[in-house]
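[1] structure for this input, please:
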Amino acid sequence: MSSAPDTPRAGAQDDPLRAAAQAADQEPVDPREIDSAMIAGLYRRTGPLIVANFGALVLLTLALWGKADTLWLGLWAGVLASWTLLRYGLARLFLSRPRALDESRRWTLAFAVGSTVAGCLWGSSVGFAGDLATDSSKLMTAFLMAALSAAAIAGYTNSLLAFAGFIFPALAPYAARLVYLDGDPSLTIAAFVGFWGLLLWVMAKHLNHGFRDSVALGLRNRNLAERWRRERDRAAAASAAKSRFLGHMSHELRTPLNAVIGYSEVIAQQLLGPVGNAKYADYAEEVESSGRHLLGMVDGMLDITELEAGGRKLDLRVQDPAPLLLDAADRWDPAARQAGLSFEAGVPENLPAVRIDADALAQVLAILLSNAVRFTRAGGRVALSAAASPSGVTVEIADTGAGMTPAEAATVQVPFAQIDGEDYLTRGVRSDDRARHTSPRLNVARARLLTEQMGGSFALDSAPGDGTRVALTLPPAAPGTAEPADGT
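    This is a model prediction of the structure:
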């Protein structure tokens with residue numbers, strides 16, 4: 001049997017990522033939330049800016065002490081320090097209370113006013129600089145302008161209004177002094193100053209747009225995650241309701257079905273006397289057969305709902321899987337040969353012990369081998385094999401039957417799912433067997449759920465015309481666990 005063609009892994013992984021990215025981009029975001037997040041970022045940066053502000057203030061005051069009027073210098077330093085502390089208090093107030101989205105504009109304006117006043121105070125320090133012709137004064141001026149520019153880029157770019165309010169009054173006085181350093185305006189220095197201001201604005205605008213896009217993406221992802229959680233909870237509630245309903249209905253249907261099967265069996269076997277017309281006995285046999293089939297469906301639905309809800313508790317024990325696999329092969333070999341199929345069993349005797357529920361594994365094997373025999377035409381092959389693996393024991397059931405498309409192979413593992421188009425349940429099934437196998441797609445889902453509840457894994461690989469391969473990985477016994485000789 002040839003397996004289904006492999007699909008490129010990159011494409012399979014890229015499509016979900018691309019879909020998630022598109023979903024995030026399309027998720028609506030309230031612009032007020034973006035503004036609120038941007039202004040919150042401004043106020044969160046106030047702490048480091050305050051430290052830098054006081055550091056620059058102390059250094060500048062010490063550098064100018066004795067070179068400028070001490071009274072005016074002290075007054076200027078005191079006002080700037082007081083205003084800095086006032087702005088810090090405003091930031092603490094902002095961060096300590098919940099805020100409505102409509103308040104963002106007011107808080108942004110308050111921050112812009114604070115930064116503008118701070119810029120004016122820093123710009124006024126040019127009055128203490130004295131003669132800028134000396135090398136030390138030029139060096140101090142260059143350092144101060146660079147420091148103020150860096151502070152504006154680092155702390156104010158979340159709001160272009162606050163950035164402009166700080167940077168222009170802080171740097172314009174120093175820029176004017178440099179341009180008129182020798183008394184007459186210097187076009188070269190003016191060009192450098194203009195380029196510096198343009199560069200600062202371009203950088204601030206670029207960072208502002210980047211911050212805004214980043215905030216918008218974060219909000220979209222948050223909204224998408226919240227919507228996904230709501231949909232997940234809604235789906236979980238619907239699944240739980242479905243499981244409760246099916247469980248209840250399954251119990252309710254068992255009683256009348258048992259009565260139908262019992263009475264039809266009495267009639268078919270004519271236990272209470274002969275039936276006048278032989279056709280009636282034949283009809284009774286059909287009723288009994290259909291009733292047993294329907295009862296199997298009801299039991300399947302009940303089993304599925306219990307497995308999904310975790311209501312079925314398995315008796316997991318450490319045991320040798322070889323006897324269970326060989327017993328399943330012995331049971332299905334005659335059925336396969338009767339259908340004109342070859343049956344191959346490759347089960348070594350030295351398989352490692354696994355931790356399984358014997359009844360559950362027998363049920364899984366019966367489901368998979370039954371499907372393999374049922375959906376393989378005469379002349380085909382069914383194989384059961386097992387081998388030790390790093391994950392425990394891998395059991396494989398393969399056939400050369402009708403096969404399925406990848407979409408059908410995925411859907412058939414989902415309880416109560418429907419497959420559109422050509423019916424998987426009748427494709428390749430013998431005509432004399434077709435009418436009795438029109439149940440919902442429960443068996444493969446039951447096998448998967450039972451395998452996973454034992455702690456194993458279930459993989460189904462199929463392609464139309466190339467048959468189906470199912471690989472079960474049974475979990476190994478826990479290290480140090482004694483292996484019972486009798487499997488109990």
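
[2] show me where this protein has its strands.
    Secondary structure of the chain by DSSP state E: the strands cover 317-319, 342-346, 354-356, 381-389, 392-399, 457-462, 468-474.

[3] now those as a markdown table including mean neighbour count, distance to residue 273 and mean pLDDT?
    For the C-beta atoms, the positions are set from N, CA and C on the backbone; glycine is no exception. Output for the strands of the chain, formatted as a markdown table (neighbours: other Cβ atoms under 10 Å; distance: least, Cβ to Cβ, whole Å; pLDDT from 0 to 100):
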| stretch | mean neighbour count | distance to residue 273 | mean pLDDT |
| --- | --- | --- | --- |
| strand 317-319 | 19 | 50 | 90 |
| strand 342-346 | 15 | 44 | 91 |
| strand 354-356 | 24 | 49 | 91 |
| strand 381-389 | 18 | 45 | 91 |
| strand 392-399 | 23 | 47 | 92 |
| strand 457-462 | 19 | 51 | 91 |
| strand 468-474 | 23 | 49 | 92 |
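
[4] nearest to residue 123, out of those strands?
    Smallest distance to residue 123 across the strands of the chain (Cβ to Cβ): 70.1 Å, for strand 457-462.

[5] the closest one - contacts with which helices or strands?
    helix 406-411, helix 443-453, strand 468-474 (3 or more Cβ pairs under 8 Å, 6 or more residues apart in numbering; DSSP states H and E).

[6] which residues pair with residue 68 across the strands?
    On the basis of DSSP bridges, residue 68 is bridged to residue 65.

[7] ok, it - how many residues close by?
    Neighbour count for residue 68, taken as other Cβ atoms under 10 Å: 18.

[8] what does residue 196 give?
    Residue 196: 15 surrounding residues under other Cβ under 10 Å.

[9] nearest to residue 56, of the strands of the chain?
    Using Cβ to Cβ, the nearest of the strands of the chain to residue 56 is strand 457-462, at 63.2 Å.

[10] ok, residues contacting the closest one?
    Applying Cβ atoms under 8 Å, 6 or more residues apart in numbering, the contact partners of strand 457-462 are 3-4, 391, 403-406, 408-409, 412-413, 444, 447-448, 451-452, 468-473.

[11] still on that earlier bit, could you export the strands of the chain to CSV, including columns for distance to residue 334?
    As requested, the strands of the chain are exported to CSV (distance: least, Cβ to Cβ, whole Å):
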stretch, distance to residue 334
strand 317-319, 26
strand 342-346, 9
strand 354-356, 25
strand 381-389, 12
strand 392-399, 17
strand 457-462, 25
strand 468-474, 21
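
[12] verify the stated contact: residue 450 with residue 362.
    No: Residue 450 sits out of contact with residue 362 when judged by Cβ atoms under 8 Å, with a separation of 10.0 Å.

[13] grab the longest helix from the protein for me.
    Secondary structure of the chain read by DSSP state H shows that its longest helix is helix 187-268.

[14] and that one, what does it pack onto?
    Applying 3+ Cβ pairs under 8 Å, 6+ apart, one finds that helix 187-268 makes contact with helix 9-26, helix 31-44, helix 135-155, helix 160-179, helix 278-309.

[15] pick the most deeply packed of the ones you listed.
    Of all the helices and strands packed on helix 187-268, helix 160-179 carries the top mean neighbour count, a mean of 20, counting by mean count of other Cβ atoms under 10 Å.

[16] I'd like to check the angle between it and helix 187-268, please.
    Put simply, helix 160-179 runs at 160 degrees to helix 187-268, going by axes from the mean of the first three to the mean of the last three Cα atoms, to 10 degrees.

[17] against which helices or strands is helix 160-179 packed?
    Packing partners of helix 160-179 (3+ Cβ pairs under 8 Å, 6+ apart): helix 104-124, helix 135-155, helix 187-268.

[18] elements contacting the first one?
    Translated: helix 104-124. So helix 104-124, by 3+ Cβ pairs under 8 Å, 6+ apart, packs with helix 31-44, helix 70-95, helix 160-179.

[19] for those, which one sits closest to residue 333?
    The minimum distance between residue 333 and the helices and strands packed on helix 104-124 falls on helix 31-44, with 67.2 Å, by Cβ to Cβ.

[20] off-centre distance for the closest one?
    On the basis of Cα atoms, centre = their mean, to the nearest Å, helix 31-44 is displaced by 27 Å from the centre of the chain it belongs to.

[21] quick one: contacts of it?
    90-91, 94-95, 99, 101-102, 104-105, 107-108, 111, 155-156, 158-159, 162, 211-212, 215-216, 218-219.

[22] residue 339 and residue 378 touch, don't they?
    Yes: using Cβ under 8 Å, residue 339 is in contact with residue 378, at 6.4 Å.

[23] those two: which has the busier surroundings?
    residue 339 (18 against 8).

[24] looking at the helices and strands packed on helix 104-124, which is closest to residue 346?
    Nearest to residue 346, of all these, is helix 31-44, at 62.5 Å by Cβ to Cβ.

[25] looking at it, residue 383 is touching residue 346, isn't it?
    Yes: Residue 383 lies in contact with residue 346 (Cβ under 8 Å); the separation is 7.2 Å.

[26] and the protein, what are its domain boundaries?
    Here the domain parsing of the chain from automatic domain parsing is 12-185, 317-474.

[27] would CSV of those with distance to residue 295 be doable?
    Formatted as CSV, the domains of the chain follow (distance: least, Cβ to Cβ, whole Å):
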stretch, distance to residue 295
domain 12-185, 41
domain 317-474, 11
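
[28] worst mean pLDDT across the helices and strands of this protein, which element?
    helix 431-434 (a mean of 42; mean pLDDT, DSSP states H and E).

[29] so where is the stretch 101-250 of the chain shaky, pLDDT-wise?
    Along the stretch 101-250 of the chain, segments meeting pLDDT under 70 span 129-137, 182-183, 239, 242-244, 246-250.

[30] mind doing that once more with 90?
    The stretch 101-250 of the chain contains residues with pLDDT under 90 at 101-108, 111, 118-119, 122-159, 170-190, 192-194, 196-197, 208, 210-250.

[31] circling back: comparing residue 450 and residue 362, which residue is more hemmed in?
    residue 450 (24 against 16).

[32] which pLDDT value belongs to that one?
    With respect to pLDDT, residue 450 scores 87.

[33] and of the helices and strands packed on helix 187-268, who's closest to residue 366?
    Going by Cβ to Cβ, the one of those nearest residue 366 is helix 278-309, 11.7 Å.

[34] can I get the helices and strands packed on helix 104-124 in CSV including distance to residue 124?
    CSV is the format used below for these (distance: least, Cβ to Cβ, whole Å):
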stretch, distance to residue 124
helix 31-44, 24
helix 70-95, 7
helix 160-179, 7
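
[35] indicate which one of those is closest to residue 294.
    helix 31-44 (55.9 Å).

[36] how about the contacts made by residue 376?
    Per Cβ under 8 Å, 6+ apart, neighbours of residue 376: 339, 341, 382, 399-402, 428, 467.

[37] what does residue 470 give?
    Contact partners of residue 470, counting by Cβ under 8 Å, 6+ apart, are 368, 396-398, 447, 458-461.

[38] thinking again about what came up before, and of the helices and strands packed on strand 457-462, who's closest to residue 299?
    helix 443-453 (9.9 Å).

[39] who are the packing partners of the closest one?
    Helix 443-453 is packed against helix 278-309, helix 358-374, strand 457-462, with contacts defined by 3+ Cβ pairs under 8 Å, 6+ apart.
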